[in-house]
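**Q** Fold the following for me, if possible:
(chains A and B)
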Amino acid sequence: MNLSYTVLIPLLPLFMFLFLGFGFKRFKEPYSGWIGTIGMLITALISFYTAFQYFFNYGKVDGVYQKIYAFNTEWIHFSDTLHIDMGVLLDPISAVMLIVVPLISLMVHLYSIGYMHQEPGFTKFFAFLSLFTFSMLGLVLATNLFQIYIFWELVGVSSYLLIGYYFEKPSAVLAAKKAFIVTRFADFGFLVGILMISYYAKTWDFATLTSLDFIHQLSSQVGMFMGFSIITWALIFIFVGGAGKSAMFPLHIWLPDAMEGPTPVSALIHAATMVVAGVFLVGRLFPMFFFFDDGFALQIVAWVGAFSALFAATIAFTQYDIKRVLAFSTMSQIGYMMLALGVSGYEGHEGLGFMASFFHLFTHAMFKALLFLGAGAIIHAVHSNDMNDMGGLRKYMPVTHITFLIAALTISGVPPFAGFWSKDEILAAAFEHNMPVYIIGFVVAGMTAFYMFRLYFRIFWWRDPDYHHAPHEAPKTMTIPLLVLAFMAVFSGFIPFSELVSADGKGFHSHIDWVMAGASVVIGLIGILLAYVFYKRENDLSTRFAYAFGKFYKWTFHKFYIDELYFFVTKKIIFQNISGPFAWFDRHVVDGTMNLIGNKTVWIGEKIKGLQSGKIQDYAMFFISGALFLIMVFWLLLN
Amino acid sequence: MILGVSIYEILTVSTLVFFIGVYGFVTRKNLIAMLMSVELILNSAALNFVVINKYLFPGNLEGAIFSIFIIAVAAAETALALAIIINLYRRVMSLNTDELETMKY
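**A** Residues are numbered from 1 along each chain as shown, chains lettered A, B, ... in the order given. Here you go, the predicted model:
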């Protein structure tokens, strides 16, 4: 069975990027958009075919889903075990990503044809989208840690380019820089982790790193540091990289600002695909996380995830920019995925958390992309991000209204929509393994329902402001992706995910615990009901509540001053006390020495330039005197 | 071998001619005079070749041949130098070295 055709999956978008990127002056709107979309369609079809074949045809051998190297080529050779490869690895989680990434990317391509209408740099936008899709597919199909790191940086670059798409706007430029620097800072931790792994495990290959024999052998070999295995420390460093990309507390500060990019970009990169890379990374190395030091690193993952989920949900209550509410919601949902991984076991049904995490990743990609694309359609119609400028839009935009409502119900965990199934699995896994985390997850479920319906009611009900020109429904290219994603958001919960994706690859039967499911549905409905009371009709109830909370409201509204804290640490402490003296030393001592040498050379030259008088007889005098002097010296030496 | 004249006397003459040439080259301000001084230096060298050949290696001819070379080269060099001097004179209307110092820093 020859699987090397799978290498086309990442290479086709790369080709589209080069094709559109190098000829971008020649392609006119909307042709470049359609070229990109068709290229993406082909990629998506190949990916779906591959994923389908993997799951139902050749992936399962003796009841276990195998890791299959569909394509692998050695790139840089260090030793027989340590080498950088480029390849395509098929296993359950990469097959899931093969469905998520091309599907969302295709929808976003199609949507952007309508959304980016008459924007300058239309073709450039599609070229960057293709670049991002290439990088993301290379990341999820990576066969080894170093390949994942290379593509990890590539997604960072494409994210930077797309956030800074409106580069005339200073805020967009700042946001792009911030995203790049924060994730780059986190990636430094990732790199340190990779180097530690390469030193102690002497391989980057995923199949080796995650095999139980190897882990067992390695854990008896490596030393300890501060009470934990060195590999555990390496994994914590790797998780720092994952937390940076996935916007986990305290490295989340770039995600809300990244909303400066065009909305389809937010849907594709900052909601559905790139930001779940951290979850994917932890899932990829899951056996290592689980077995070293009884899963100490995994405990950290669980708590960081749980705290981020709660933290982001709190902030989402108070924001008025609809995209920022969605950004904090994304952060909160990724926190869910992280905590699900953190509470997961390994064997069979114990691995419920692992499966739930990827299940939620899948459904979240669908409904969050749907929410963002819906928000994009709304922004397109009213030309504002602020929910104070909206209200009563249900009359003007029926399709957007219905799809947005479906997405909001899905994220709130209302059955039978997809979010209910995946969120329920997460809560069940947390309930079995870690009670405090379960309580946090349970509370966040209610909070999610409340802030999502606050958003929904504020946009579509609340009041009827006087629109200067009546908002109109988005064009077909924008509504079709909404409908497709709404379909997925409704029905993707019925996929028997636990049969396909599990930590040990064997699959298991999961069943709904109706007590627990009932509890989470009830708290979700309470959240929706509260939002209904507060925001159905225009009233001052929410303002009075905000007033009652006083200081706490103000703190939340300013996102707990985390940005200000970062600015304080970087500007006041690092720049002033460390970088400042260094800059002074560089400017005055290092540069000063160089300038001194230069100035002295010039000075000496000025002094002695009179020797070159232009008078031939002077030269002759020097020559003769010198010759006589040398003769005398030799004469004296010889006698 | 000249009777009654030793090599030292002839070498003394050639040394005197050489230093007269050097002195003239350094002190004279006129380019033609400097050229003549250079000729004196060359001739003293030629004289040395001939004398040493004659007194120390009477059987050989190299010294004499070299002196003829020197005379020929000196003639060519003088012709060239005179051509340069004439052109220079046309340009600056002077042969005084104090006025010919444009080739300085």
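
**Q** Burial check on the residue in the stretch 401-550 of chain A positioned nearest to chain B, number of neighbours?
**A** Of the residues in the stretch 401-550 of chain A, the one nearest chain B is residue A:477, at a distance of 74.2 Å by CB to the nearest CB. (Glycine included, C-beta is placed from N, CA and C.) The number of residues packed around residue A:477, counting by other CB atoms under 10 Å in any protein chain shown, is 19.

**Q** Kindly indicate whether it is helix, strand or coil.
**A** Classification of residue A:477 into helix, strand or coil gives helix, according to DSSP: H, G, I helix; E, B strand; the rest coil.

**Q** Need the three-state assignment for the residue nearest to it when sequence neighbours are not counted.
**A** The spatial neighbour of residue A:477 that comes closest, neighbours along the chain excluded (CB to CB, 6 or more residues apart in numbering or on different chains), is residue A:114 at 3.8 Å. Classification of residue A:114 into helix, strand or coil gives helix, according to three-state DSSP.

**Q** if I look at residue A:114, how far off is chain B?
**A** In this structure, residue A:114 and chain B are separated by 72 Å, where distance is defined by CB to the nearest CB, to the nearest Å.

**Q** and the one residue in the stretch 501-639 of chain A that gets nearest to chain B, which of the three is it?
**A** When CB to the nearest CB is the measure, the stretch 501-639 of chain A has its nearest residue to chain B at residue A:614, with 3.0 Å between them. Three-state secondary structure (criterion: three-state DSSP) places residue A:614 in coil.

**Q** if we can go back for a sec, okay but the residue of the stretch 401-550 of chain A closest to chain B is in contact with residue A:110, surely?
**A** Yes: under the criterion of CB atoms under 8 Å, residue A:477 lies in contact with residue A:110, with a separation of 5.7 Å.

**Q** Could you tell me how many residues sit around residue 96?
**A** If you meant another chain, say so; for now it's chain A. Summarising burial for residue A:96: neighbours were counted as other CB under 10 Å, giving 24.

**Q** ah, I was thinking of chain B
**A** If you count neighbours by other CB under 10 Å, residue B:96 ends up with 10.

**Q** Got phi/psi on it?
**A** Summarising the backbone geometry of residue B:96 under the convention degrees, to the nearest 10, its torsions are phi -80, psi 120.

**Q** Quick check: bridge partners of it?
**A** Judged by DSSP bridges, the bridge partners of residue B:96 are residue B:30.

**Q** Mind listing what's buried along the helix or strand in which residue B:84 is found?
**A** Residue B:84 belongs to helix B:62-92 when elements are defined using DSSP states H and E. Buried residues in helix B:62-92, counting neighbours by 16 or more other CB atoms under 10 Å in any protein chain shown, are found at B:63, B:66, B:67, B:70, B:74, B:81, B:85.

**Q** Just list the residues touching the last one, thanks.
**A** When you say that, I think you mean residue B:85. The neighbours of residue B:85, taking CB atoms under 8 Å, 6 or more residues apart in numbering or on different chains as the test, are B:31, B:32, B:35, B:95.

**Q** The second one in helix, strand or coil?
**A** At residue B:32, secondary structure determined by three-state DSSP is helix.

**Q** Tell me, how many residues neighbour it?
**A** When counting by other CB under 10 Å, one arrives at 13 neighbours for residue B:32.

**Q** what does the helix or strand harbouring residue A:213 rub up against?
**A** Residue A:213 is located in helix A:212-221, with elements delineated by DSSP H and E. Contacting residues not belonging to helix A:212-221 are listed as A:200, A:201, A:208, A:209, A:229, A:231, A:287, A:288, A:291, A:292 [CB under 8 Å, 6+ apart].

**Q** what do you get for stretch A:166-175?
**A** Taking contacts as CB under 8 Å, 6+ apart, the residues outside stretch A:166-175 that touch it are A:163, A:164, A:165, A:176, A:254, A:257, A:258, A:259, A:260, A:261, A:262.

**Q** what residues are up against the residue of chain B found nearest chain A?
**A** Going by CB to the nearest CB, chain A is nearest to residue B:104 of chain B, at 3.0 Å. By CB under 8 Å, 6+ apart, the contact set of residue B:104 is A:612, A:613, A:614, A:615.

**Q** so can I have JSON lines of those showing distance to residue A:496 and neighbour count?
**A** Output for the contacts of residue B:104, formatted as JSON lines (distance: CB to CB, whole Å; neighbours: other CB atoms under 10 Å in any protein chain shown):
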{"residue": "A:612", "distance to residue A:496": "92", "neighbour count": "12"}
{"residue": "A:613", "distance to residue A:496": "98", "neighbour count": "14"}
{"residue": "A:614", "distance to residue A:496": "97", "neighbour count": "13"}
{"residue": "A:615", "distance to residue A:496": "102", "neighbour count": "16"}
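
**Q** coming back round to it: ok, of the contacts of helix A:212-221, which come out buried?
**A** A:201, A:208, A:209, A:229, A:231, A:287, A:288, A:291, A:292.

**Q** Distance check, the last one against residue A:628.
**A** Put plainly, it is residue A:292. For residue A:292, the distance to residue A:628 equals 85 Å [CB to CB, to the nearest Å].

**Q** Next, name the residue at the spatial heart of chain A.
**A** Closest residue to the average C-alpha location of chain A: residue A:275 at 2.5 Å, with CA atoms, centre = their mean.

**Q** hang on, that residue packs against residue A:269?
**A** Yes: with contact taken as CB under 8 Å, residue A:275 and residue A:269 are classed as touching, separated by 7.4 Å.

**Q** right, and the residue of the stretch 501-639 of chain A closest to chain B touches residue B:101 too?
**A** Yes: here residue A:614 lies in contact with residue B:101, judged by CB under 8 Å, at a distance of 3.5 Å.

**Q** Show me what from chain B comes close to chain A.
**A** Neighbours of chain A within chain B, by CB under 8 Å from any CB of the partner chain: B:22, B:25-27, B:34, B:97-98, B:100-105.
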